[in-house]
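# Next comes the sequence, and after it the predicted model I'd like to discuss.
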Amino acid sequence: MTVFQEAEMLRQVPLFEKVDLTRLKLIAFTSRAMRYAAGDVVMQKNEVSDCAFVILEGEVEVVGETAEGEFVVARFGRNSLVGEMSLLLDAPRVATVRATTPVRALRIAGDQFLRLLCENPSCSLHVMRVLSSRLTRATRRVEELTGKLQEAGNGDAVT
């Protein structure tokens, strides 16, 4: 695939839709095309965060862990960006991301991703909105689960 074709694919990602083609070509040129088979780990919890991935084809799942085992936190498919949170936090990965189908992705170096955000306010705003939306969904889910736990606890006390 050529740099131009990769840049055109990046334009399909909502985060990059307002970025000029020249900048997208630079991102494509400095990115690395990656392939993963179903079950492959794309990012491992606690590893150093040095890149983000744009999913070009396929699907990945974000996996959390408890004492009882793994659970799926979220799923992302074509034109999704994953791994950006740890880059923004400058912290190790907080979850494992695993391919659920064959995946083709672009690995964007952390410095290139952060430069893109600094130089493109519309990109930065979009990332903030996406992350805020994820945080809102997670907060609602925690509230829902907390309610269920409280109901279960009250039910045990009554019987």
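Perfect, thanks for sending it.
# where in this structure is pLDDT low?
Low-confidence segments of the chain, defined by pLDDT under 70: 155-159.
# so what secondary structure elements neighbour the top helix by length along the chain?
Longest among the helix segments of the chain by residue count, using DSSP state H, is helix 121-158. Counting contacts by 3 or more C-beta pairs under 8 Å, 6 or more residues apart in numbering; DSSP states H and E, helix 121-158 is packed against helix 84-89, helix 110-119. (Each C-beta comes from the backbone N, C-alpha and C, glycine too.)
# same thing but 10 Å
Here helix 121-158 touches strand 69-76, strand 80-82, helix 84-89, helix 110-119, going by 3 or more C-beta pairs under 10 Å, 6 or more residues apart in numbering; DSSP states H and E.
# Let me know which of these is the nearest to residue 142.
Nearest to residue 142 among these is strand 69-76; the distance by C-beta to C-beta comes to 11.8 Å.
# pull the CA atoms of the closest one into CSV?
Once non-C-alpha atoms are left out, strand 69-76 reads as follows in CSV (Å, rounded to 0.1, in the frame of the first residue of the first chain):
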residue,chain,number,x,y,z
GLY,A,69,-10.6,-13.5,35.3
GLU,A,70,-10.8,-11.4,32.2
PHE,A,71,-13.7,-9.3,31.0
VAL,A,72,-14.3,-7.2,27.8
VAL,A,73,-14.3,-3.5,28.5
ALA,A,74,-14.9,-2.3,25.0
ARG,A,75,-14.7,-3.3,21.3
PHE,A,76,-13.3,-1.2,18.5
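# Would you mark the buried spots in that strand?
Neighbour-count burial for strand 69-76, counted by 16 or more other C-beta atoms under 10 Å, picks out 73-74, 76.
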